[in-house]
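Asks: Give me the fold of what follows.
(one chain, ligands or ions: 2)
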Amino acid sequence: MKPFLFVTDLDHTLVGDDRAMHVLNQQLEQHRQQYGTKLVYSTGRSLTSYRHLTTEKSLLPPDILICAVGTEIYHQDSEEPDSIWFQKLSIGWQRDVVANSAARFVDLTPQPDSEQRPFKVSYFLSEQAAVEVIPDLEALLEEQGVDAQVIFSGGKDLDILPRQANKGMAMTFVRQFLEFEPARTVACGDSGNDIALFCDRSERGIIVGNARPELLQWHRAHPNPNRYLALAECAGGILEGLQHFGFL
Ligand code: GLC
Ligand code: MG
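Replies: Ligands and ions are numbered 1, 2, ... in the order given. Okay, the predicted model is just below:
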């Protein structure tokens, strides 16, 4: 057995089936201690919201925590996000212009303050309204000269991020920092903001069985042998995928 880099989304991916998560956690912790495998969580949540989750669920402490859809990277025991990543995202980012542009859309309801981050502007949006709002918002942002990307997840959350940040780009940064090859790296997810973990990548990907339609549709339209669609849900699907790729 060799070490691997394990990157996972939390809500409805690692977290969702307590019993399966318990089994998976035991195997991951053993692998970490025995072979030096590294655990990375990549969540849409802010650090505050992540901490709240840790009071409700027994999560293993990760080696690195990626918050706010790839825009903040926290090294173990650090309260401050990685400054190199932070600076990289600052280039050309105009948060005010983004927020003012989005304010023109009545269908966009701002998310709570805790989820508004330096490089992430977040709203709630219904699935029906999304079809029209997203292209119009993208066009307006472009017109305003902002290099941003719009990500819709779970049929209700809309995040606007700088072009140079998402879960996929943050994974590459962390993978290079921890010195793992793409073939020894595996990422797991269930919804729209996880597409970047799987898009044009040679890292291995696991989509859990309960994945959202936005991810499944994308998966079917972009087949890739490095990606595995599990039958089981949440942590059970992760275990299935890790065995499929021979990591466990
Ligand atoms: C998490 C975050 C929220 C974000 C969503 C999708 O729920 O708290 O702000 O919009 O993930 O990325
Ligand atoms: Mg999720």
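
Asks: So Gln34: helix, strand or coil?
Replies: Classification of Gln34 using DSSP: H, G, I helix; E, B strand; the rest coil returns helix.

Asks: Just give me the neighbour total for it.
Replies: Look at Gln34: counted by other CB atoms under 10 Å, it has 10 neighbours. C-beta: built from backbone N, CA, C; applies to glycine.

Asks: Which residue comes closest to it once chain neighbours are left out?
Replies: Nearest non-adjacent residue to Gln34, counting by CB to CB, 6 or more residues apart in numbering: Met1, 7.4 Å away.

Asks: Please, which helix or strand holds Lys231?
Replies: Slight slip there: residue 231 is Leu, not Lys. Counting by DSSP states H and E, no helix or strand carries Leu231.

Asks: list the contacts for it?
Replies: By CB atoms under 8 Å, 6 or more residues apart in numbering, Leu231 lies in contact with 209, 237, 240.

Asks: what's the closest of the residues you listed to Glu115?
Replies: Set against Glu115, the nearest of those by CB to CB is Gly237 (26.2 Å).

Asks: Is ligand 2 within reach of the strand or helix carrying that closest one?
Replies: In the assignment (DSSP H and E), Gly237 maps to helix 234-244. No: with CB under 5 Å from the ion as the criterion, ligand 2 is not reached by helix 234-244; the gap is at least 9.5 Å.

Asks: hang on, the earlier thing: most neighbours among the contacts of Leu231, which one?
Replies: Most neighbours among the contacts of Leu231, by other CB under 10 Å: Gly237, with 27 neighbours.

Asks: Run through who's touching the host helix or strand of Val131.
Replies: Here Val131 sits within helix 127-143, counting by DSSP H and E. Under the criterion CB under 8 Å, 6+ apart, residues 98, 101-102, 104-105, 107-108, 125, 148, 150, 152, 155-156, 158, 160 lie in contact with helix 127-143.

Asks: which residues of this protein fall in strands?
Replies: Here the chain has its strands, by DSSP state E, at 5-8, 38-42, 64-67, 72-75, 109-110, 121-124, 148-153, 157-162, 185-189, 204-207, 227-229.

Asks: residue in this protein nearest to ligand 1?
Replies: Proximity of the chain to ligand 1 (CB to the nearest ligand atom) peaks at Gly44, 2.2 Å away.

Asks: one step back: dump the contacts of Leu231 into CSV; add pLDDT as well.
Replies: Converted to CSV, those look like this (pLDDT from 0 to 100):
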residue, pLDDT
Gly209, 98
Gly237, 98
Glu240, 98
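
Asks: Just put the residues you listed in a markdown table and tack on distance to ligand 1.
Replies: Below are the contacts of Leu231 laid out as a markdown table (distance: CB to the nearest ligand atom, whole Å):
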| residue | distance to ligand 1 |
| --- | --- |
| Gly209 | 20 |
| Gly237 | 19 |
| Glu240 | 24 |
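
Asks: Out of those residues, flag the one nearest to ligand 2.
Replies: Ligand 2 has its nearest neighbour among the contacts of Leu231 in Gly237, at 12.1 Å by CB to the ion.

Asks: so what's the closest one up against?
Replies: 188, 206-210, 230-231.

Asks: One more: Ser58?
Replies: By CB under 8 Å, 6+ apart, the residues touching Ser58 are 21-22, 25.

Asks: Now for the nearest residue to Asp17 once chain neighbours are set aside, how many residues are close by?
Replies: Counting by CB to CB, 6+ apart, the nearest residue to Asp17 once its immediate chain neighbours are dropped is Cys234, at 4.2 Å. Close neighbours of Cys234, defined as other CB under 10 Å, add up to 25.
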